[in-house]
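Undergrad: Prediction below, plus the sequence it came from.
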Amino acid sequence: MCMEHSITCKCGKRDASFNFKNEVMPPEVVEVLYCPDCSKDLAIEQEKMLHDNGWVIKYDMEVAGLYSNRLPVQDGENLSPEILFDQGYVTWRGTYPGDHIDIVKEKTDIAELAKVDPKRYFSEIKTWAISRMGRLKEEGWRKAYDG
């Protein structure tokens with residue numbers, strides 16, 4: 001089960017929805033969220049921060065460490081922001097902040113096809129999904145590179 005949590009960025013202009021895979025980590029593991037506006041002059045601390053296309057998540061690695069025994073981390077593998085994000089333990093809901101909202105809007109027109117032409121719907125949704133992930137990969141979103 002994944003619970004969604006919304007977190008407002010440091011400057012207060014934007015927020016992002018996060019998933020916490022299997023509720024292994026608490027929401028407090030996100031120390032600060034920076035949107036592209038408030039991350040412009042930010043110095044990235046590799047051991048605590050993850051940069052994703054202008055957004056920066058600063059993790060409280062002490063809190064993460066307290067819960068790390070719940071993670072299936074390989075022997076000798078150090079807990080890192082990349083593990084927390086890429087393995088889905090503390091990550092965006094969707095491919096990027098706001099993706100879960102945008103995707104509904106983008107799929108609305110295609111969804112209408114399911115009612116009148118299911119075969120065409122499956123073809124269109126497949127084409128849309130492939131081209132969408134290609135576009136997100138070109139834009140530089142980290143999760144667009146999965147799999």
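TA: Happy to help now that I have it.

Undergrad: List of residues touching the lengthiest helix in the chain?
TA: Using DSSP state H, we find that the single longest helix of the chain is helix 118-139. For helix 118-139, the surrounding residues in contact (C-beta atoms under 8 Å, 6 or more residues apart in numbering) are Asn53, Thr95, Tyr96, Glu106, Lys107, Ile110, Ala111, Leu113, Ala114, Lys143, Ala144, Tyr145. C-beta: built from backbone N, CA, C; applies to glycine.

Undergrad: Selection in ChimeraX covering whichever of the residues you listed are buried, please.
TA: To isolate in ChimeraX the members of the contacts of helix 118-139 that are buried, counting by 16 or more other C-beta atoms under 10 Å, one can use:
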select :53,95,96,113,143,144
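
Undergrad: Could you export the contacts of helix 118-139 to CSV, including columns for pLDDT?
TA: Below are the contacts of helix 118-139 laid out as CSV (pLDDT from 0 to 100):
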residue, pLDDT
Asn53, 96
Thr95, 95
Tyr96, 96
Glu106, 87
Lys107, 90
Ile110, 88
Ala111, 89
Leu113, 88
Ala114, 88
Lys143, 95
Ala144, 94
Tyr145, 86
